[in-house]
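*Asks:* the following comprises the amino acid sequence and a computationally predicted model.
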Amino acid sequence: MRGKSVSVLDMASAIVDFIPLCDTPHVADFQAPYAVAVLLEKGLVVVDLTSAGYPCFENPYAMDVHESPVTCCRYLADCPPDLIPALYSVGAKAKPSHAARSSGQWPIKGGKWGVSACSYPEMLVTGHADGSVKFWDASAVMLQVLYTLKTGKLFERRTTTDEPLAISRLVLCQDSRVLVVAAAGGHVVVFRFCQHEATADVSVVHTTLLSELDEHASADAHDAGRTRSSQGVSGDKGGVQGQAALSHDPKTSVQVRAGAHKLAPGYQADLVCLLGWVDDEPPAPVSSLAYSSAYGTVAFGNDNGLVVLDCLQKTLLLCVSTADLYGTQDPHARTPRTPLSRKEQDSRHASDGAKTPPSEQRPTPAGALEPSAASRLDKDAAFSRSSSVSSTETAFREAVVALAFVDAYTKRHDERTTPSLWVGTSVGALLVLDIQLPTTADARLQQPVMVSPSGSIFRLRGALLTVALLDCSGHLVHSTGDKWKADQRRCPSAEPVRAGTSKASRTASQSGEANSDPDRQMAVVVSEQQVRVISLPSHTARFKADMAADGIARADVVTLKDTLCLACLLTGARLLVYSLPSLRTLLDADYGSAGDVRMARTFCFSNKGHALYLCSPSELQKLTLSADMAKEVTDMLGELFIPCDTPEAPKPSFFRNLFGSSAVLDREELFGDSSGKALRMTATHIPGPASLTERQTTGTLSEIGRAREAVDERGHRLGELDDRTQRMRDNAEQFQSNSRALADKYKNKKWYQL
């Protein structure tokens with residue numbers, strides 16, 4: 001090498017290939033690379049060779065979508081306009097300052113972007129297998145990373161895989177900017193957005209969800225679990241030290257790091273709920289998640305039951321199995337669990353075929369919900385639980401699959417709306433729970449929140465998917481909380497609070513009094529087999545639609561042309577759009593392929609008729625249900641190749657005249673493998689340092705070469721002289737023979753005979 005120093009660049013991932021970038025595409029021209037493009041397994045890097053230190057160019061493309069597998073996604077169209085700039089601001093601060101960046105523009109050019117036809121901001125939130133959450137700006141044709149949140153920093157380092165950290169569910173409140181994520185390890189984390197760096201303790205709540213209480217020790221274990229939950233809550237008194245000091249905390253998949261946490265600007269952890277193991281087995285994955293900024297509560301459920309948390313007081317409000325939600329109204333005969341663990345049950349069934357113990361009266365645990373006297377069962381949807389489950393053991397695994405916080409008429413003939421939690425299960429049951437909040441804002445931070453069953457139960461066929469409420473005017477009912485403020489800090493007084501009856505409930509009551517119709521709300525309930533529109537507070541089914549062949553995989557209430565509608569994705573690769581509340585079919589079209597599990601798992605609808613899903617491990621597919629947007633798709637499509645001027649080819653070299661060929665010859669054709677096999681006398685070049693001895697040897701060889709050329713030239717000239725001498729000798733001999741023949745002819749003749 002001719003340089004005096006060697007620079008080594010350390011890449012973030014393994015190198016697949018690299019290529020130098022030059023000003024000319026012609027190989028025969030003088031090559032002066034100005035950059036090197038390096039293709040990595042997880043991205044593309046271009047190194048600037050013209051700047052000192054060889055910095056990298058700023059990559060304008062989202063090359064790391066598949067850096068970690070995407071496990072869930074959330075698509076938000078028409079989001080608040082100030083949300084994307086705020087995330088971009090904190091994301092720019094989080095970038096490492098020591099990373100050298102080139103001041104030049106991205107050198108790779110080609111193609112042309114399409115024009116985005118959307119005048120409103122769009123955002124995509126993706127959860128990954130390594131526990132990270134990424135926010136993307138989807139307003140333009142190209143995705144742009146705004147901010148990356150790594151949830152794994154909250155927990156102790158693990159020597160095993162990151163499987164417990166994989167994000168399974170996420171909920172983003174756009175008004176209060178609160179993010180709630182649920183991971184595969186059975187833990188739920190509440191994040192609050194803050195533009196300032198902070199150092200604070202993270203509150204931790206421990207609890208355990210049991211599908212059914214054991215005959216002997218389950219009630220005591222349940223009470224102990226709730227005691228640990230109350231002691232493990234780290235609020236103003238002890239921080240995380242209170243949780244770390246407990247030696248009898250249940251075993252969990254992850255452990256929160258003890259001590260104060262240094263929280264960077266952006267989303268900062270505020271509350272962590274850890275689910276304990278049961279029978280030396282990890283908790284069931286979270287199947288539903290909901291958050292309400294108006295109530296300040298979080299609810300999540302899994303195959304075993306339901307958990308409700310108070311985010312303001314950092315306390316556990318409810319931890320109950322799905323069976324206890326029914327109380328005495330449970331229409332199914334449930335058999336108590338055997339005291340044996342699951343592993344012992346499996347071994348006993350394998351050895352002697354043990355039978356399930358006979359049905360007995362299940363004990364009521366401390367803190368279990370008491371049934372309410374008032375209930376209204378939908379006669380059209382009444383059916384036996386045996387038609388939805390195959391065995392008694394399956395009935396115990398009735399999962400909570402749908403949750404919604406909303407102000408509603410929870411009981412029949414109610415006069416006012418009250419805060420409530422709607423719980424949907426995997427067997428088609430929809431239960432309504434009342435939430436009693438303190439009457440004043442100051443009391444909200446001190447007095448407990450009460451959660452109790454309202455007694456209202458609705459039943460549909462198939463697992464519940466979506467629950468939404470409409471008012472009498474056909475608008476979506478949602479409990480609005482306080483919006484996020486720019487000067488908001490991590491203090492309890494700055495948190496959004498909800499006191500007593502909300503403004504929404506008063507408005508609903510006043511509008512109901514002015515309307516002659518006694519029903520002032522409509523609940524849109526979607527299951528895998530049915531769609532129902534139920535009038536409230538009469539609790540009567542107003543409209544319904546049944547799925548004949550294909551079931552519903554995904555459903556959501558979205559806005560399309562400023563009108564609410566119900567968008568559904570069927571298992572048979574069909575898209576259905578219903579009008580609300582009449583359930584008239586607006587669109588019925590085939591899309592995708594039946595049986596695509598990835599599409600069904602990641603498909604999400606959004607407002608303005610947009611939808612998005614993961615079509616491959618590293619590709620996102622966006623589609624629209626709006627006819628107006630479909631007309632502008634052509635303008636949004638870009639061009640991969642565009643015509644450009646090719647640089648002028650280099651002038652022909654002297655090799656062209658030397659070899660008498662009209663073709664342009666380059667070094668590869670003359671001296672490369674295509675030139676043929678080298679002669680034996682050709683020397684093989686061995687790379688090495690150019691020392692003084694080598695230069696002297698090179699000069700000596702040059703003199704010998706010139707002498708050899710002179711000798712060869714002299715020999716050539718001598719050869720030509722020999723040829724001329726031989727020709728003269730031959731001519732002389734020919735002249736001699738001709739003279740002799742002429743003399744013999746006229747030898748004996750006289751002069752007069754000539």
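*Replies:* That came in fine, so what should we check first? Numbering: from 1, shown residues only.
*Asks:* ok so residue 171 is a helix residue?
*Replies:* No. The assignment for residue 171 by DSSP: H, G, I helix; E, B strand; the rest coil gives strand, which leaves it out of any helix.
*Asks:* so where's the stretch 51-200 of the chain uncertain?
*Replies:* Filtered on pLDDT under 70, the stretch 51-200 of the chain yields the residue ranges 62-66, 95-99, 116-117, 159-162.
*Asks:* quick one: the helices in it?
*Replies:* Secondary structure of the stretch 51-200 of the chain, counting by DSSP state H, counting those that start in this stretch: helices at 83-94.
*Asks:* and the strands in it, which stretches?
*Replies:* Listed from the start of the chain, the stretch 51-200 of the chain has strands (DSSP state E, counting those that start in this stretch) covering 70-77, 122-128, 132-137, 144-150, 167-173, 178-183, 187-194, 198-200.
*Asks:* so which of the ones you listed gets nearest residue 536?
*Replies:* strand 167-173 (24.3 Å; Cβ to Cβ). Glycine gets a C-beta too; all of them are placed from N, C-alpha and C.
*Asks:* next, the angle from the closest one to strand 70-77.
*Replies:* 20 degrees (axes from the mean of the first three to the mean of the last three Cα atoms, to 10 degrees).
*Asks:* tell me the strands beside strand 167-173, with direction?
*Replies:* The strands that strand 167-173 pairs with in its sheet are strand 178-183 (antiparallel) (by DSSP bridges).
*Asks:* go through the strand it pairs with and flag the buried ones.
*Replies:* 178-183 (16 or more other Cβ atoms under 10 Å).
*Asks:* with distance to residue 610 added, can I get these in TSV?
*Replies:* As requested, those are arranged in TSV below (distance: Cβ to Cβ, whole Å):
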residue	distance to residue 610
178	23
179	21
180	23
181	23
182	25
183	27
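*Asks:* now the phi/psi pair for residue 412, please.
*Replies:* Dihedral angles of residue 412 (phi, psi; degrees, to the nearest 10) stand at phi -70, psi 130.
*Asks:* and it, how many neighbours does it have?
*Replies:* Neighbour count for residue 412, taken as other Cβ atoms under 10 Å: 16.
*Asks:* what separates it from residue 538, distance-wise?
*Replies:* Residue 412 sits 7 Å away from residue 538, going by Cβ to Cβ, to the nearest Å.
*Asks:* before we move on, back to that, what's the closest of the strands of the stretch 51-200 of the chain to residue 560?
*Replies:* In this view, the strands of the stretch 51-200 of the chain are compared for proximity to residue 560 by Cβ to Cβ, and strand 70-77 is the closest at 10.9 Å.
*Asks:* so in that sheet, which strands flank the closest one, and in what orientation?
*Replies:* Here strand 70-77 has these sheet partners by DSSP bridges: strand 122-128 (antiparallel).
*Asks:* run the chain-centre distance for the strand it pairs with.
*Replies:* Between the centre of strand 122-128 and the centre of its chain there are 6 Å (Cα atoms, centre = their mean, to the nearest Å).
*Asks:* using PDB, write out every CA atom in that strand.
*Replies:* Included here for strand 122-128 are C-alpha records, laid out as PDB according to Å, rounded to 0.1, in the frame of the first residue of the first chain:
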ATOM      1  CA  GLU A 122     -50.000   9.600   9.500                       C
ATOM      2  CA  MET A 123     -47.900   7.600  11.900                       C
ATOM      3  CA  LEU A 124     -47.000   3.900  12.300                       C
ATOM      4  CA  VAL A 125     -46.000   2.300  15.600                       C
ATOM      5  CA  THR A 126     -44.300  -1.100  15.500                       C
ATOM      6  CA  GLY A 127     -43.400  -3.400  18.400                       C
ATOM      7  CA  HIS A 128     -40.400  -5.800  17.900                       C
END
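*Asks:* how about residues contacting it?
*Replies:* The contact list for strand 122-128, computed with Cβ atoms under 8 Å, 6 or more residues apart in numbering, reads 65, 67-79, 83-84, 87, 133-139, 143, 146, 166-170, 172, 181, 606, 610, 612, 620.
*Asks:* mind putting the strands of the stretch 51-200 of the chain in CSV, distance to residue 102 included?
*Replies:* As requested, those are exported to CSV (distance: least, Cβ to Cβ, whole Å):
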stretch, distance to residue 102
strand 70-77, 30
strand 122-128, 28
strand 132-137, 23
strand 144-150, 19
strand 167-173, 34
strand 178-183, 34
strand 187-194, 32
strand 198-200, 34
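*Asks:* looking at those, which is nearest to residue 6?
*Replies:* Residue 6 lies closest to strand 144-150 among those, at 33.2 Å (Cβ to Cβ).
*Asks:* any idea how far residue 580 lies from residue 542?
*Replies:* Residue 580 is 11 Å from residue 542, where distance means Cβ to Cβ.
*Asks:* more neighbours: which of these two?
*Replies:* In terms of neighbours (other Cβ under 10 Å), residue 580 is the more surrounded of residue 580 and residue 542; the figures are 20 against 15.
*Asks:* confidence score at the more buried one?
*Replies:* pLDDT, residue 580: 92.
*Asks:* thinking again about what came up before, mean neighbour count, the strands of the stretch 51-200 of the chain: which tops it?
*Replies:* Ranked by mean neighbour count under mean count of other Cβ atoms under 10 Å, the strands of the stretch 51-200 of the chain are led by strand 178-183, which reaches a mean of 25.
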